[in-house]
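Novice: Below is the sequence, then the predicted model.
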Amino acid sequence: MSLLSVSNLRAEVAGKAILNGLNLEVQPGEVHAIMGPNGSGKSTLANVLAGRPGYEVIDGDIRLDGSDIGELEPHERAHAGVFLAFQYPVEIPGVSNMEFLKASADSLAHARGEDQPNAAAFIKQVRELAASLDLNPEFLKRGVNEGFSGGEKKRNEILQLLLLNPRLAVLDETDSGLDIDALQVVAEGVNTYRGEENGVVLITHYQRLLDYIVPDYVHVLSEGRIVQSGDKNLALKLEEKGYAWVT
Amino acid sequence: MGDLSLTALLPSSLPSWLGLSAAELPDALQQSLDSKSHRERWKYTKPGLVLELLETAGAAPQWRNLPDGVATAVVATDSADVGDFAPHVATAPEAILNLCRQQQLLVIDVDQPVAEPMVIEYGESSLPVLLRLSSNAELTLVELTNADVDVHQSLWVELQPGSHLNHTRQAFGGGSHWQHLYVHQARDSHYTLHNHCAGAALRRQDVHIVSAAEGSDTTIMSAAFLPERTHLDLQLTMEHRAPRATSRQRIHNIAADRAKATCNGRIHIHANAAGVDAELNNRNLTLGDSAVINSKPELEIYTDDVKCAHGATVGQLDADHLFYCAGRGIDALHARRLLSQAFLATCAQGPRAEDSQSRFAEYLT
Ligand SMILES: Nc1ncnc2c1ncn2[C@@H]1O[C@H](COP(=O)(O)OP(=O)(O)OP(=O)(O)O)[C@@H](O)[C@H]1O
Ligand SMILES: [Mg+2]
């Protein structure tokens, strides 16, 4: 059974058709890179998978481990195992990062019928993850993403990915705005996460990222459809020839 | 405010510092009552309710501690050195009336930097308090009005050059409260108000800050939660009479169903106050459809050479914040609680911040 199965997905935003019959199958252990021109619908796909209000599914279905998640509330999808690393993570002043992470971990544990993580062990784990991502532990006391640089916000998304260890990770341009060192740190984080138990949908504009996170498949999205699929060599070809070649 | 009830409250003899005879005072009061600004001030609170409160004689407030460097004395009102306040008969007649009616006044003098915070607790209506910080003196003052009783409370502050006052007003009591505050700032003085409160049957807060000399600095951070059917009417006046001073005001309110939150934030910059940098921001969240928010920014600016920013918003929680929480598995109810707490926490700072934040958290669970 596919980990993620998207079939004939049509979706609208603000009354405008954005996804026009999209199909995607992700098996456990696979990394699927999604590339495509600006405005082709990549972030829309990510938001539709995560159930963002305002993104309306008109037709088709979304299955996670065989069950239809298309009707679930966003937090229920998170409980089911969907994780979206945002292209533009929001700042939430007044809620400390640590408090936010604990609330999140507690909610997910509760949904799984597990005990809440022990507070001291949890803090230790978060601090270690922060260190492994070159994030100053001081940031954990600050508001969620508050005053973070673009790169710090992206690393914070990866910290959450590693901490929450979801079934499906959808990473929306997590590489954008990163310097070369941060790119490697983020890629290492994703590679650490990557495993037989989960799947990754990796949205990116840059072939460079795929040198570090080697995908099993590369897809090109154009006007709300996947118009070409291949292996990592497809990304190299796109780099060389541009999108005009496939769209 | 009906003049009848006001004059009925007049004491038989007036303090000499007022400079008005018993015959003249009613006219002076009446004049101020008839002014347009007066009607604005009393649009959202029935003045009669405040006058009723003022009928009670005040007791000397209780302080929990008397730090070294702080001196207190209860003095007769008519012999107290408060003549500078007399002109307020035009702008805050009820506060002047209260000064005249009370026979006594608590005077607190601070003449040096004092590290230990001074804590005053109000369990009942109190005598007016006059707080004076001499040049370069420093104090942290915490006023607590958390009992469920009716209280009137009035604080007059004089800050001499270079002095620092870090002031917290915490008011979670549920009765009827009139809280008056006047601050006069001399050159290079620093004043910070942390106002933490809950809505009450009546909560009327009058705050008037005067930057009287160059280089003064004023910060107001105010956070309030109004439970169902409660009231908060915050009347803020920041008056810049002198050049090159700064003021920052941030007011965050959350109103539950049928609660009524008013914030009238007035910034008055006089003609000679060049180079002033003043900012006021009032944000309101409503929980429930029938909460009422009145947010009225008022600017009176008589010079061009100023920076003045002014904003007011009324709304619900940010949808992007809610989605971010949901995306991490936090359900809507829990997310709302977290975000509402955060909204108040950004303005509930300073001494007692933790205590106030946990009180807010209780309302939100
Ligand atoms: N909330 C919205 N309201 C209106 N239109 C939207 C909204 N979100 C997306 N769109 C439109 O949908 C189309 C697809 O946008 P989307 O963000 O999915 O593109 P993308 O492939 O992620 O682009 P980029 O590479 O620039 O990130 C665009 O035309 C965009 O303007
Ligand atoms: Mg995008």
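Specialist: Noted; the coordinates are in hand. Ligands and ions are numbered 1, 2, ... in the order given.

Novice: Might you list the low-confidence residue ranges for chain B?
Specialist: B:1-7 (pLDDT under 70).

Novice: can you give me the strands in chain A?
Specialist: A:4-13, A:16-26, A:31-35, A:55-64, A:67-68, A:82-85, A:92-96, A:143-144, A:168-172, A:199-203, A:217-222, A:225-230 (DSSP state E).

Novice: err, the stretch 201-350 of chain B, not the other one
Specialist: B:202-211, B:217-226, B:231-240, B:246-255, B:260-269, B:277-286, B:292-301, B:307-315 (DSSP state E, counting those that start in this stretch).

Novice: Output those as CSV; include the columns distance to A:Asn47 and mean neighbour count.
Specialist: For the C-beta atoms, the positions are set from N, CA and C on the backbone; glycine is no exception. Converted to CSV, these look like this (distance: least, Cβ to Cβ, whole Å; neighbours: other Cβ atoms under 10 Å in any protein chain shown):
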stretch, distance to A:Asn47, mean neighbour count
strand B:202-211, 43, 24
strand B:217-226, 33, 25
strand B:231-240, 38, 24
strand B:246-255, 29, 23
strand B:260-269, 34, 23
strand B:277-286, 25, 21
strand B:292-301, 32, 16
strand B:307-315, 22, 13
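
Novice: Would you reformat those strands as TSV and include distance to chain A?
Specialist: Shown next, in TSV, are the strands of the stretch 201-350 of chain B (distance: least, Cβ to the nearest Cβ, whole Å):
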stretch	distance to chain A
strand B:202-211	23
strand B:217-226	10
strand B:231-240	20
strand B:246-255	9
strand B:260-269	19
strand B:277-286	12
strand B:292-301	20
strand B:307-315	15
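
Novice: contacting residues for the residue of chain A found nearest chain B?
Specialist: The nearest approach of chain A to chain B comes at A:Gly94, 2.8 Å away (Cβ to the nearest Cβ). With contact set as Cβ atoms under 8 Å, 6 or more residues apart in numbering or on different chains, A:Gly94 has these partners: A:Gly143, B:Leu339, B:Gln341, B:Ala342, B:Phe343, B:Leu344, B:Ala345, B:Thr346.

Novice: Check the burial of the residue nearest to it when sequence neighbours are not counted by counting its neighbours.
Specialist: Counting by Cβ to Cβ, 6 or more residues apart in numbering or on different chains, B:Ala342 is the residue found nearest to A:Gly94 once chain neighbours are left out, at 2.8 Å. B:Ala342 has 22 neighbouring residues, counting by other Cβ atoms under 10 Å in any protein chain shown.

Novice: Which stretches in chain A count as helices?
Specialist: Counting by DSSP state H, one finds helices in chain A at the ranges A:42-50, A:74-80, A:97-111, A:119-132, A:150-164, A:180-193, A:207-212, A:232-241.

Novice: for chain B, that is, sorry about that
Specialist: B:3-8, B:25-34, B:36-41, B:47-54, B:93-101, B:319-327, B:332-345, B:353-364.

Novice: Among those, which comes closest to A:Gly21?
Specialist: Closest approach to A:Gly21 among these is made by helix B:319-327 (25.6 Å; Cβ to Cβ).

Novice: List the buried residues in that closest one.
Specialist: Judged by neighbour count using 16 or more other Cβ atoms under 10 Å in any protein chain shown, the buried positions of helix B:319-327 are B:His321, B:Leu322, B:Phe323, B:Tyr324, B:Cys325, B:Ala326, B:Gly327.

Novice: try stretch A:235-242
Specialist: Result for stretch A:235-242 [16+ other Cβ under 10 Å]: buried residues A:Ala235, A:Leu238.
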